[in-house]
Every structure is written in C-alpha cells, then in structure tokens.
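Chemist: just the structure for this:
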Amino acid sequence: MVQKPATLKDVAALANVSRATAARALNSYGYVGDETAQKIQAAAEKLGYRGNRLAQALRSGQLPIVGCILGDIQNPFFARIAHDIEVLAREFGHNLIIGSSEEELAQEISLLASLRSLSIRGFIVAPTSEGNNAHLQGLVDENVPLVLIDRVAEGVDCDSVVVDNEGGARKAVEYLIGMGHTRIGLLQDDMRIFTSRERRSGYRSALAAAGIAADDRMVAVSQSTVEHAVDATIRLFSQKTPPTSLFTVDSLMTQGALLAFRSMGVSIPHDVSLIGFDDFNLATFTDPQITVVSQPVSEIGRTAARVLFERLTGKDEPPRKIRFETKLIVRGSVSRRGGV
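Modeler: Modelled structure (predicted):
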C-alpha cells in the first residue's frame, strides 16, 4: 500500500502544536519560539513533510527568477540576445523565463500579466513599440525592475539598452551614395516597431543630405521573415525602373533579398548592390560576401542583464539610457556606378 504524503496537520499533531503554529514555523512568517520551531522542524523531517514550497516562494517573490519578453524568438538576433541574458542570469544565480510577443501588443500584454502573477523579480522587454505602454509603465510605478532592450517605449522612463539605428542606416546609405547610387531601395518591416522607424529615418536623412528626393517606389514593406522578404524584393525589383541598390533593415530580410535576387537571375554586385543592417553567419559564406551594418549583439543582452541585476541588488540611480554605436563592415556586395 502506498503511503500518503504527510500533511501540515500530521506535522502539527506530532509536534503537539496547532496547524497555524506549524505553518508559521515551516513558512517563516510570524513569530514562533526557537524551541517550538525546532520541534516542528524535527517533526516535519521525521514525517518527510515537503509542503508546496514552490508555490509559497512564487507568491512571496522569493524565487530567483527573471522574465524576458522578446519580439520573435526565431529571429537570430533575439535568439542570441536570449542566450546571452540566460548565461548571465545563471552567473547571478537566477533562472530565466522567456516569452515571445511575435510583435503583437496584445500578446506582449498577456505574457507580461502572466509572468507578473508569478511575482517574478524583474523584466527585460523588447517592446512592440505601439503607443499603449500602460502595462510597462505599471511595472515602473510598482518599482519592479524593468530594462527595455533593442527598443524604447514612448512615455516609459526606465533603463534601456539600444543601438544607434538611425546612425547605422545613415552610414549604409551614405556609402551607397558615395559609390554613385541614387536609386536606393529600402526593404523595411512594420513602422510600429521602433528600430524600423529609426532605420528608415537614417535612410531618408542620408538621401536628403545628398539632395536625393525620397521616392516611395523605392521602398518595400515586409514582415521580418525570409519568405515575406523574398516576395517584397521581387515586387520592388520587378518595376520598370528598379533600384540599383538595396538597403535591408535586418538580417532575415537580407537573406530573403539574396534568395529573391537568385530566383530573378540578378547578380550581386554587378546588377544590384546590397547592404544589410545586422551581421549574420551566412554573410561571409556568400559570393560575394555581404556588406553589413554590424551591431554589438554580444554586448546588448549581457549589458541589459547586468543592468537588471544591479537594480535587483538595490542600485538606486536615475534610469540608464545605454546606446551602442554600429559599424559599417565593407565586403564585396557593393559596386561603383559609372561616372563617379
């Protein structure tokens, strides 16, 4: 016959105390005399009483767990960020719960509410960047440590770790202009997203500084997936007068553009030049290798995690706004146009 697990009632009976006293001693709340507490603990050990320590710790916020909500966890950029945060969390003796908003505000709000119900100690979030940020401001108002990563959220004054998206995009487009290109295509994702807005701003400011009028026919909007980027690139370059070069706002779009050009029989850089924002593994395995705007991905996640754990250990200072610089890595995917 299987023996039933010991209950709080069993422990109280063996220690000859009330259940309330046994609960206080075993759950470390309220006052219990040392002698009585020792007697209760001995009874619990003798009976093999375990109790629901996990639930108790979750309710009290005592478990060393932090939460992380990112955009699309399938995106290599976010996958690397999650890995680096998890590594540093382990160094600080914490576990990490990761959620993916899939770039949907409703899902971000739902995930955050679910994790808040577990009394998780702090959060790292890549916000969808829509105007409704009450769920994030709620964390700030409750003094729950919050670090925004990759993006900022309007009206939410908290720690953040981002890169100079606008400056990076501007450097890429300036390089294309310097190589004689004036019909410069842009492959971007949803303008709700902070990074997409900033990278488009850098694209436009570089054109304006060179006296090149912005042309909506040179811009294609796509979801940030390889498949959607293939279709958007084909549409963009099927025009009567297509771009002579293309700037893509993330690595998945760059890969989609490469596949599209291959399917169309378009040669890089002979027929079209290409620069992508964010480096990726295949960028140096293609022929030619792809010129990219590189961001310090290995530093972004670890820096955000370090800031979070500084807050969790009591560091009290105004919100930190950390912004990393980007670097244009010139390879072989850009050719000079004639006459320059």
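Chemist: and the protein, what are its domain boundaries?
Modeler: As recorded under automatic domain parsing, the domains making up the chain are 8-51, 64-163+297-324, 165-295.
Chemist: and the shortest one, how far from the chain's centre?
Modeler: Yep, that's domain 8-51 we're talking about. On the basis of CA atoms, centre = their mean, to the nearest Å, domain 8-51 sits 45 Å off its chain's mean C-alpha point.
Chemist: flag the shaky bits of the stretch 101-250 of the chain, pLDDT-wise.
Modeler: Nowhere does the stretch 101-250 of the chain drop to pLDDT under 70.
Chemist: shouldn't residue 232 be within a helix?
Modeler: Yes - the assignment for residue 232 is a helix, going by DSSP: H, G, I helix; E, B strand; the rest coil.
Chemist: ok, it touching residue 252?
Modeler: No - using CB atoms under 8 Å, residue 232 is not in contact with residue 252; the gap is 11.6 Å. Every residue, glycine included, has its C-beta placed from N, CA and C.
Chemist: report the buried residues of stretch 326-336.
Modeler: Buried residues in stretch 326-336, counted by 16 or more other CB atoms under 10 Å: 326, 331, 333-335.
Chemist: number of residues surrounding residue 270?
Modeler: For residue 270, the neighbour count with other CB atoms under 10 Å is 9.
Chemist: how close does it sit to residue 262?
Modeler: Note on residue 270: its distance to residue 262, by CB to CB, to the nearest Å, is 13 Å.
Chemist: before we move on, what about residue 137?
Modeler: For residue 137, the distance to residue 262 equals 46 Å [CB to CB].
Chemist: tell me which of these two has more neighbours.
Modeler: Per other CB under 10 Å, whichever of residue 137 and residue 262 has more neighbours is residue 137, with 16 against 12.
Chemist: now do the helices in the stretch 1-150 of the chain.
Modeler: Here the stretch 1-150 of the chain has its helices, by DSSP state H, counting those that start in this stretch, at 8-15, 19-27, 34-47, 53-60, 76-91, 105-116, 134-141.
Chemist: now do the contacts for residue 274.
Modeler: Residue 274 sits next to 245-246, 248, 254, 257-258, 261, 268, 290-291, 333-334 when contact means CB atoms under 8 Å, 6 or more residues apart in numbering.
Chemist: which residue packs closest to it, ignoring adjacent ones?
Modeler: residue 333 (4.5 Å; CB to CB, 6 or more residues apart in numbering).
Chemist: my guess is the one you found contacts residue 270, does it?
Modeler: No - the pair residue 333 / residue 270 is not scored as a contact, 10.7 Å apart, by CB under 8 Å.
Chemist: of the contacts of residue 274, which belong to helices?
Modeler: The helices, defined by DSSP state H, take in 254, 257-258, 261 from the contacts of residue 274.
Chemist: for residue 179, which non-adjacent residue is spatially closest?
Modeler: In space, and not counting its chain neighbours, residue 179 is closest to residue 336: 4.8 Å by CB to CB, 6+ apart.
Chemist: on that earlier part again, of the helices of the stretch 1-150 of the chain, which approaches residue 69 most closely?
Modeler: helix 105-116 (5.3 Å; CB to CB).
Chemist: ok, and for that closest one, which residues are buried?
Modeler: So for helix 105-116, counting by 16+ other CB under 10 Å, buried means 105, 108-109, 111-112, 115-116.
Chemist: pipe these into a markdown table and attach distance to residue 312 per row.
Modeler: Converted to a markdown table, these look like this (distance: CB to CB, whole Å):
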| residue | distance to residue 312 |
| --- | --- |
| 105 | 27 |
| 108 | 22 |
| 109 | 23 |
| 111 | 20 |
| 112 | 18 |
| 115 | 15 |
| 116 | 16 |
